[in-house]
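Asks: Okay, sequence plus prediction incoming.
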Amino acid sequence: MPDRTAYIRSVGRFVPETRLTNQDLEKMVETSDEWILSRTGIRERRILDPGLGNSYMAVRAARECLERAGVGAEEVDAIIVGTVTPDMFFPSTACLVQKGLGATRAWGFDLSAGCSGFVFSLTTGAQMIEAGRYQKVLVIGSDVMSSIIDYQDRNTCVLFGDGAGAVLLEPCPEPGHGILDFIQHVSGAGGEFLHMKAGGSLRPASHETIQNRWHYAYQEGRQVFKFAVTEMANVSVQILERNGLKGEDIALFIPHQANLRIIDAAASRMGIDMSRVVINIDRYANTTAGTIPLCLYDVTVEDRRLKKGDYVVMAAFGAGFTWGSILLRWWE
Ligand code: ACO
C-alpha cells in the first residue's frame, strides 16, 4: 500500500435526455426486447443529440463534480479523459474539457483502453497523486458510443449507449483509505474480436472504408464474452486474495456494465450477493468508459450507500483486450 493514497472526493455525471428503448430497436433491426433483456440485461440506453461531441458530456459531468466538492476549475492540476470516442483525434478531449471548464492551471490527456478506460484512468490519476506532485486530478470516463455504432448491425447496436461520469481525486487525509490497490492487463491478441477497422492511420477514411462500414465498432460477441467472463472474475478475485479480503468484506462491487451475465459470474466467484453489486446496465446499456463512474454516482449521490471505511471493488473488461480491478476504501 502506498504511503500517500488518492481518494474520490466527489462525483458528477451527464447522461443525454433522449432514450432509445428495446422497443425502438425492434423497429430498426431484427431483434426483440426479450432477446436483448435476457442476453444482456439492457432495457434502454441514452443517445446524445447529433452535432454534440464527447466534450459536451465530459464538461458537464466534470462541472457537476467540481461543484459538489466546492472546488474551482482553476484549482484543478490535471484532467484525464478515458474514452474511445473523442470529439476528434486532436486536440484531445482533455484539452477541450480544460477549455470548457476554464481549468486554467491544468494539463491533461486522453487515455484509450476501451471499456477499461475509466479503471486505467483512475489508477493513472491516483498514481499522480501518490507521487506527491498533484493535489487535484479530474478523472472522466465519457463515451458517445452512438457515434461509432452501426444501427443496421443487431450484433452491436443493442448493446451500447452514451454517458459520462467524472470524479475528483485528492490526497486522502487518512492512511489506509482511498485507492489501495489495482491489477491491470492488456492482451493485443484480443484486438481481432473487438475493434474499429478504419479512421486511423492504417485505413484513413476513403470511399471504400465508408462503403464497407468500417467506421463502426466491430465485435465478435461470443469470443469477447468468453474472455470477459473469465478474466474480469479472475482480477476481481485476485485483488481480494492479495489484500486478505473475502467477498463478505466488500460493501459494494462496481463492475463494468457490458452484460449482466458477465457481472453475475464475477460476483459469484467473489462470493458477493447481487444486493451488493451496482447495476445500471438496464437504464444506460454499455457506456464504455462511462459505466463505472455512472454507477458510482448512483451509490454516492442518488443513494448514499457508502460510508467511511467501506471496501469497494471496481472491475472492467474491454477492447484491446484490456482488463483490471481496483480496491478502494471509502473516505469522506
Ligand atoms: N437480436 C436477436 N438476435 C441476435 C441479436 C439481436 N440483437 N444479436 C445477435 N443475435 C443472434 C445471433 O445472430 C446468433 O444467431 P445464430 O445462433 O443464428 O448465429 C444468436 O443471436 C446468438 O448470438 P451470440 O453472439 O452467441 O449471443 P450471446 O449469447 O453470446 O450474446 C452478446 C451476445 C450479448 C454480445 C454477448 O456475447 C456479450 O455480451 N459479449 C461480450 C460483450 C463485451 O463484454 N464487450 C466488451 C466491452 S465493449 C468495449 O470495450 C467497447
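Replies: Yes, it's here.

Asks: domain ranges for this protein?
Replies: Taking automatic domain parsing as the reference, the chain has its domains at 6-175, 179-329.

Asks: Can you tell me which of those domains is packed in deepest?
Replies: Sort the domains of the chain by mean neighbour count, taking mean count of other C-beta atoms under 10 Å, and domain 6-175 sits at the top with a mean of 21. For glycine as for every other residue, the C-beta is placed from the backbone atoms N, C-alpha and C.

Asks: Could you give the separation of it from the chain centroid?
Replies: What separates the centre of domain 6-175 from the centre of its chain is 7 Å, taken as C-alpha atoms, centre = their mean, to the nearest Å.

Asks: what's the answer for stretch 197-217, then?
Replies: On the basis of C-alpha atoms, centre = their mean, stretch 197-217 is displaced by 25 Å from the centre of the chain it belongs to.

Asks: Just the residues contacting it, thanks.
Replies: Residues outside stretch 197-217 that contact it (C-beta atoms under 8 Å, 6 or more residues apart in numbering): 145, 148-150, 152-153, 156, 160, 194-196, 218.

Asks: measure residue 128 to residue 6 for me?
Replies: Relative to residue 6, residue 128 is positioned 8 Å away (C-beta to C-beta, to the nearest Å).

Asks: Spit out the residues that contact those two alike.
Replies: Any residue near both residue 128 and residue 6 by C-beta under 8 Å, 6+ apart counts here, and that gives residue 137.

Asks: among the contacts of stretch 197-217, which are in helices?
Replies: In helices, defined here by DSSP state H, the members of the contacts of stretch 197-217 are residue 156.

Asks: Could I get the phi/psi values of the closest residue to the ligand within the stretch 101-250 of the chain?
Replies: Nearest residue of the stretch 101-250 of the chain to the ligand: residue 221, at 2.8 Å (C-beta to the nearest ligand atom). Dihedral angles of residue 221 (phi, psi; degrees, to the nearest 10) stand at phi -50, psi -40.

Asks: Please tell me I have it right and it contacts residue 155.
Replies: Yes. Residue 221 lies in contact with residue 155 (C-beta atoms under 8 Å); the separation is 6.0 Å.

Asks: Can you lay out the domains of the chain as TSV showing mean pLDDT?
Replies: Formatted as TSV, those follow (pLDDT from 0 to 100):
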stretch	mean pLDDT
domain 6-175	97
domain 179-329	97
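
Asks: which residues of the stretch 201-332 of the chain fall in strands?
Replies: 217-219, 250-255, 311-318, 322-329 (DSSP state E, counting those that start in this stretch).

Asks: and for the second one, what are the contacting residues?
Replies: With contacts defined as C-beta under 8 Å, 6+ apart, strand 250-255 is touched by 232, 236, 240, 262-263, 266-267, 270, 272, 276-278, 292, 295-296, 299, 305-307, 310-316, 330.

Asks: Next, see if that strand gets close to the ligand.
Replies: No. Using C-beta under 6 Å from any ligand atom, we find that strand 250-255 stays clear of the ligand, coming within 10.7 Å at best.

Asks: next one: that strand to chain centre, how far?
Replies: Distance of strand 250-255 from its chain centroid, counting by C-alpha atoms, centre = their mean, is 15 Å.

Asks: Check the shortest one too.
Replies: Offset of strand 217-219 from its chain centre (C-alpha atoms, centre = their mean): 18 Å.

Asks: next one: the third one
Replies: Using C-alpha atoms, centre = their mean, the mean C-alpha position of strand 311-318 is found 10 Å from that of the whole chain.

Asks: which helices and strands does it pack with?
Replies: Using 3 or more C-beta pairs under 8 Å, 6 or more residues apart in numbering; DSSP states H and E, the elements in contact with strand 311-318 are helix 117-130, helix 221-241, strand 250-255, helix 260-270, helix 291-297, strand 322-329.

Asks: residues contacting residue 57?
Replies: Contacts for residue 57 (C-beta under 8 Å, 6+ apart) come out as 14, 16, 48, 142, 144, 162-164.
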